[in-house]
Every structure is written in structure tokens, then in C-alpha cells.
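1. Let's see this in three dimensions:
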Amino acid sequence: MSQLYYGVAYYDEYMPEERLENDISMMLDAGINVVRIAESTWSTLEPQEGEYNFWHIDRVLDAMHRSGIHVIIGTPTYAIPAWLASKHPEVMVTTASGQQKYGRRQIMDIVSPVFLRYAENIIRVLLEHVQHHPAIIGYQLDNETKHYDNVGPQMRQQFIRSLQQRYPDIRQMNQDFGLDYWSNRIDNWQDFPPPESTINASLGSAFAAFQRQKVTDYLAWQSGIVAEYKQPEQFITHNFDFEWRGYSYGIQPRVDHFAAAEALTIAGVDIYHPSQQQLTGREIAFGGAVTRGLKQGANYLVLETQAQGFAQWTPFPGQLRLQAFSHIASGAKMVAYWHWHSIHNSFETYWKGLLSHDFSANPTYLEAKTIGADFARLSDTLDSLRQENEVAILISNQAMEAFNWFKPGDAQTNVYNDIFRRFYDALYDANIGVDIINDVDQRSARYRVIVVPALYAADDALLNRINRYIEAGGQALIGFKSGFSDQHVKVRSERQPGVLNQSCRVSYSQFVLPQQVGLYSCSDLQLDPDEPVDLWMELLTADDDARVQVLARYQHPAWGEYAAITEAEYGAGKALYLGFLAGKPLITRLVERLSGKTAAQQFPLITRQVVNKAGNRLMFCFNYSATAARLSLPQAAEEVLQGGSVNAGEEVCLAPWGVHIYQFTPGD
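-> Below is the predicted model:
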């Protein structure tokens, strides 16, 4: 893949037959050079078992190839046909509420042998038919795959078998999971209760990890089939998604993205976000950081993002350009909209595509034309951009699952994601470039600072790797609740924060929910008078050691003797421990304290520095605001979007929702 791709999902099956040539003409006019097809049309491809219809596939492939537009083929397995559900109702997923009825998508049991047999057949039949077509550049596996809360008999039986292999002595499982509590002990595998109804966080987290593993296995299985047919130059990808709160919000709890991505040759993602006055770029940036991290910093594909989408997402003038170049700055090689046209009936009628229901040019489409032209003109400059960030945030599906078993107070959301987003958004708003990692290993030495929020469940090995990173000269910001329980969600009996006490040199045995608590500084750390103490607070005591310093204590009549923030030297590095959920400004100051760097600009003016494949340094400047913004460049540069040069220190103006891209003079 040696160019930038600008694309759309295209469903000829939903369109008037005569539209194809008109659509292609409009695509070419907009600079569209790739379309994604087939992933949701199993019932059209196979209207009855063993009866196949390739008419839509063939005519789209041939027409796109004639026009020079590339095609990504999706395996059509995430929405099953009615005849399959009718003939084999056992393929319908069973959740805690019972077996699901046919109608919506993603209601199949991905571990059902019957489903897998039919899915393999349609994948092979489709790929056998299309494998030599020259329009195809790659394949997408399934679509936003998850385990769909599957607790059916196949999932349960496979989970029990996995535990039997892991625990030849069932007594060890009882000990690891603490199943003596409330008489939950299991002494015979035949007596194993439904895991979805357990009150035991250890067993429940183990089942959730197994469900995630089944998603990894499913995508690897599909990848193996596709690999038999694909050409050497073609890629295999998948469109991962995130926790959904009406838009892409946080880490996906039902998939281990890092494990599942091993089956792909290039990572892909779907990113949706608020727009209009609520457009911030945060979801674009964090989604890109996660997806970039799946392949050790490699570029990725945005397989779906919004053009118009919901009525509250219809972009203001300039926002579509701002969004597209924000994806590129984060490391995307492709930006593709879901979808080209707006559907005229059924569930997603009001999720509008690039074209509205009348298929005519509209302001969003006309703005897309400017993006397509710029992508084509600047492909060599903007393709394969590389970020060189000095800060990383450690995430963990294991810690997420465990933490959410014990939500503080009356919290109802995915609290782990609330915490993660607090940390990520703070650094984004301060223009601190961030990578997302899921482990601390030899490669982590390249980061000056690693942020560890709410690592509630982790084995000793990971915690010791964090300690070694610090000892070797790394700087770490350790958030509350980190190190509290082991990999089985069993609370450690040693001084908290467990193994991390070695580097942090702080301990606690009590914790409370904050009520009318403030902070006061015991050091050079500057604190705002109304600095919030949110969600949770640990009553910290620093070790009696000259290498640890209390930076701040709680402002409270009962808790004032306890530390809230500490800073400890460990080996050649430093560990800063935060005993509560801080506000974004304080998080930023703590990371800046560790990194020794302070950003010049703050949100809504966002800057991103990258290196292109020619080795030139670029700076993207984004104005996420309805008012103009100004900044001064640190050195002379060429503006590659509008053209022209800027001197060092010269002030430039970004229009509302505007974007500039500066290429710095080599050697400066």
C-alpha cells in the first residue's frame, strides 16, 4: 500500500440498478479511490442454501476496475440469512436474557460448529469466485466482531474444558478464585454452574477473558481461510470498534484488540465521534493511538467514520476536512466513510452517508472533493506518517474487567474507560503526543513517561516489568488501584500497592469515597484552589525513606495527615503515585513534571508532529473551535495545504475548524 486511500462503503444491493455508473462518476470527481463491499450481504450472495448470486459483486468489481477504483472485499459473516436461522436455530446466540431471535445483525454464536461450517462455506465460495480479480487490494474479516455476550452451551462447555486443562487439580481453581466464599466451591466439573450468574469476580473475569479469546480465535480462523486465497500483495484487515456511548468512547471490553490484531496484516478501525459544536478530535486521536499500537506503531486503515451520519453529526463547513486530516495525523493510511449513499429504508435509514437520500451533490460531498484532491496531490508527503511520542498509556482488558466488578460508589458506567479517558483527554488537550500500549517490555524503554491508570488486576510479572522500567531510568505516573489484585482478581495480602511498592515507596491500608475533600501542596507542585478529588481516594503513607517525597496531602479535617500524591526515586528513574482520580489539569502537570516538557498550546488548538517516509518533519495544526486561532511556529516551514512559507516565530491564523500542515526545512 504505497498511497493514501480515500474511500467509502458501497452497497450495490441497496441501490437502484441504474445508479452504478453515476455513483462511480461522482466518486471519481470526489477523489474516491477505494470502496469496501460485500461484508453485510450474505443473504444476497446466498439467497438459499447452496444457491449463489454474484451479480452485484461482479458488476461492482468490473465497474470499479474500469474506473481505476480499488476494492476491499469483506467476508459476509456478521449478518446471517433468514434461511440459516430457520433451518438451524441453534446458530442464534444465547445471552443472559436467553436465545436471541432473528432480525438484527450480530446475533450468531461464533463458537457454534454449525455456524462456523456455513460461514466457512460462504467465505470460500465468495473468495474462490473473486480471488483473481485485479480490482481487489485486500480483505476485511467479518465486521466489528465481538462475542455478543455469548453464554450459550458451546461457549460454556468450551470454557469449562479450558479450565480443566488449566487446572488438572480442581482444588487449585477453587483456591485461585476464592470459591469457598458463599459456598461457591466447585468440587466436580459436572457441577459447574452457569458462569454468567456468578457473584465471584475471579470466575467472572476468567469467563470474560475466555469470551475475548474466542473472538481472537474466530478472527484468526477467518484470516487463515482468507490467506489461502489472497494474493501476496493483498492485505487482511478488520474494523475494530470501541465501547459505544452513542459514539466511540473507550477501550472495547468484549475484544482484546492487541491479541486479535495478530491475525491481521494491517490493523483497521471504525471511529465515530460527536460533531458540530461537540467536535473535539479526542476520539479520532485515541482511536488512532490504540489502532497504531496494535502493530507496534504501524499505519492503519480507518474503514469506517462518519460523513454525515446522525442529524446531530452533520458537519459544519470545514469539519469534514478537519476530521480527515486528523485521522492522517494520527497515522491512518486510509479514511473511508460509512457509507457512500443514504439507505432509504430499514434500521439505518437516518444514518446518512456522503450522499443524502436524493443522491445529489451536497455541501458535505463538495467538501469531500477538496479532501480527495488534497490526498491525491499530497499522497507522497502524507503517506505512512510516523509518530515519535515520548509518552505512553498502559491499558489492560484484564484490569478493565476486574475494576468494573467493583465500581466505586454508585457508578453505572464502564468506570475503567471513564478513568482512561480522563487521563488520555488530559494529555490530548495539552498537546502531549501519546501511544497506547498493553504491556511494558524491552520496547518500552523508548518512552520517557509511562502512565498506568487503574491497573487493578495484573500478575507479578507485569508489575515487576514496570518496576524494572523505572529502575532503568523510566518515569511512571501510577494511578490509584494499580497493583491491588493479582491476575485472578484476588486482592494481594501484602502492603498496597503490592509489588509496585518497591518503586513507589508508598503504602495504604484504607481508602474512602471523597466527600468535600481538597488538596494542599507540600512541595513545589502548583495546585489550583478547587482541584477536584474524584471517585476514590487512598489514604497514603510514604515510606520512611529519603528517596520519597510527599507532593500533596488531602485537605480534610479527618484525612489531612495522609498523602495524596507522592514522588519516589527508584534506580535511575522516578515513580509518581496518585491516590485518587485527578482533574485533567493536574494530570497534565504531573506528566509534564515527569517529562520535563511543557506544551505551548492547549485545546482547542491541537498540534501533532510526525515524520513522513522521506524523513521530513511535519506539524499538523488543528483548530477545534468556531473562532479563529493563532500560533507562532518554532522554526521556518512550508505550508503544504494552502502553499506558502512561514518564518520562525511568525504568527499564523487558523480559521474556525481550520487545518494547516507545515513541513519544516530539513536540517533546522
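2. so where do the helices sit in the stretch 451-600 of the chain?
-> Using DSSP state H, counting those that start in this stretch, the helices of the stretch 451-600 of the chain run over 460-471, 501-504, 584-595.
3. what comes up buried for the first one?
-> Just to be clear, that refers to helix 460-471. For helix 460-471, the buried set under the neighbour-count rule, 16 or more other CB atoms under 10 Å, comprises 462-471. From N, CA and C alone the C-beta is placed, and that goes for glycine too.
4. what's in contact with it?
-> Residues from elsewhere that reach helix 460-471 (CB atoms under 8 Å, 6 or more residues apart in numbering): 394, 439-441, 444-445, 450, 452, 455, 476, 478, 483, 486, 498-500, 502-503, 570-575.
5. List only buried entries from those.
-> The buried subset of the contacts of helix 460-471 (16+ other CB under 10 Å) comprises 394, 440, 444, 450, 452, 455, 476, 478, 483, 486, 498-500, 502-503, 570, 573-575.
6. Test my guess that residue 508 contacts residue 543.
-> No: counting by CB atoms under 8 Å, residue 508 stays clear of residue 543, with 11.6 Å between them.
7. export stretch 390-405 as PDB, just CAs?
-> These are the backbone C-alpha positions of stretch 390-405, laid out as PDB (Å, rounded to 0.1, in the frame of the first residue of the first chain):
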ATOM      1  CA  GLU A 390       7.700  10.100  24.400                       C
ATOM      2  CA  VAL A 391       4.600   9.200  26.500                       C
ATOM      3  CA  ALA A 392       2.600   6.000  26.600                       C
ATOM      4  CA  ILE A 393      -0.600   4.900  28.400                       C
ATOM      5  CA  LEU A 394      -0.800   1.300  29.600                       C
ATOM      6  CA  ILE A 395      -4.200  -0.300  29.100                       C
ATOM      7  CA  SER A 396      -5.500  -3.700  30.100                       C
ATOM      8  CA  ASN A 397      -8.700  -5.600  29.300                       C
ATOM      9  CA  GLN A 398      -8.000  -7.700  32.300                       C
ATOM     10  CA  ALA A 399      -7.800  -4.700  34.600                       C
ATOM     11  CA  MET A 400     -10.900  -3.200  33.000                       C
ATOM     12  CA  GLU A 401     -13.000  -6.300  33.600                       C
ATOM     13  CA  ALA A 402     -11.800  -6.600  37.200                       C
ATOM     14  CA  PHE A 403     -12.100  -2.900  38.100                       C
ATOM     15  CA  ASN A 404     -15.700  -2.800  36.700                       C
ATOM     16  CA  TRP A 405     -16.700  -5.700  39.100                       C
END
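8. what is the mean pLDDT for that stretch?
-> Stretch 390-405 carries an average pLDDT of 98.
9. residue contacts, residue 351?
-> By CB under 8 Å, 6+ apart, residue 351 lies in contact with 309-310, 338, 342-343.
10. what's the farthest-apart pair in these?
-> 310 and 343 (13.5 Å; CB to CB).
11. just to revisit the earlier point, residue 508 and residue 543: which has the busier surroundings?
-> The neighbour comparison of residue 508 against residue 543 (other CB atoms under 10 Å) goes to residue 508, with 19 against 15.
12. partner residues bridging that one?
-> Bridge pairing for residue 508 (DSSP bridges) gives the partners residue 496.
13. For it, report the pLDDT, please.
-> 97.
14. just residue 37 next, same as before
-> Looking at residue 37, the pLDDT reads 97.
15. got CSV for the buried residues of helix 460-471, with distance to residue 150 and pLDDT too?
-> Converted to CSV, the buried residues of helix 460-471 look like this (distance: CB to CB, whole Å; pLDDT from 0 to 100):
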residue, distance to residue 150, pLDDT
462, 28, 98
463, 32, 98
464, 35, 98
465, 33, 98
466, 33, 98
467, 38, 98
468, 38, 98
469, 37, 98
470, 40, 98
471, 43, 98
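16. distance of residue 203 from residue 231?
-> 46 Å (CB to CB, to the nearest Å).
17. In terms of neighbours, single out the busier of these two.
-> Legend: neighbour count by other CB under 10 Å for residue 203 and residue 231, higher for residue 203 (24 against 12).
18. Grab the nearest non-local neighbour of the more buried one.
-> Leaving aside its sequence neighbours, residue 203 sits nearest to residue 177 (CB to CB, 6 or more residues apart in numbering; 5.1 Å).
19. Am I right that residue 212 falls within a helix?
-> Yes: according to DSSP: H, G, I helix; E, B strand; the rest coil, residue 212 belongs to a helix.
20. Next one: the closest residue to it other than its chain neighbours, what pLDDT does it get?
-> Nearest residue to residue 212, sequence neighbours excluded (CB to CB, 6+ apart): residue 256, at 4.7 Å. We have a pLDDT of 98 for residue 256.
21. For residue 567, see how far away residue 256 is.
-> Taken as CB to CB, the span from residue 256 to residue 567 is 33 Å.
22. Show me which of these two is the more surrounded one.
-> Using other CB under 10 Å, the more surrounded residue of residue 256 and residue 567 is residue 567, with 25 against 20.
23. residues touching the more buried one, list them.
-> Each residue near residue 567 by CB under 8 Å, 6+ apart is listed here: 523, 548-549, 551, 574-577.
24. run the last query once more with 7 Å
-> Residue 567 is in contact with 549, 551, 574, 576, counting by CB atoms under 7 Å, 6 or more residues apart in numbering.
25. bridging residues for the residue lying closest to the first one once chain neighbours are set aside?
-> With CB to CB, 6+ apart as the criterion, residue 549 has its nearest non-adjacent residue at 5.0 Å, and that residue is residue 567. Listed by DSSP bridges, the beta-bridge partners for residue 567 are residue 549, residue 576.
26. returning to what we had before: got a ChimeraX select line for the buried ones in the contacts of residue 351?
-> For the buried members of those, the matching ChimeraX selection, counting by 16+ other CB under 10 Å, is:
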select :309,338,342,343
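27. Can you add secondary structure and pLDDT and give the contacts of residue 351 back as JSON lines?
-> Formatted as JSON lines, the contacts of residue 351 follow (DSSP: H, G, I helix; E, B strand; the rest coil; pLDDT from 0 to 100):
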{"residue": "309", "secondary structure": "strand", "pLDDT": "95"}
{"residue": "310", "secondary structure": "coil", "pLDDT": "95"}
{"residue": "338", "secondary structure": "coil", "pLDDT": "96"}
{"residue": "342", "secondary structure": "coil", "pLDDT": "93"}
{"residue": "343", "secondary structure": "coil", "pLDDT": "91"}
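28. in the stretch 1-150 of the chain, which spans are strands?
-> Here the stretch 1-150 of the chain has its strands, by DSSP state E, counting those that start in this stretch, at 5-9, 34-37, 70-74, 94-95, 98-99, 136-140.
29. Partner strands of the third one and their direction?
-> Going back to what we said before, that points to strand 70-74. Here strand 70-74 has these sheet partners by DSSP bridges: strand 34-37 (parallel), strand 136-140 (parallel).
30. Could I get the full set of helices for the stretch 51-200 of the chain?
-> Assigned by DSSP H, counting those that start in this stretch, the helices in the stretch 51-200 of the chain fall at 55-67, 82-87, 113-130, 153-166, 170-177.
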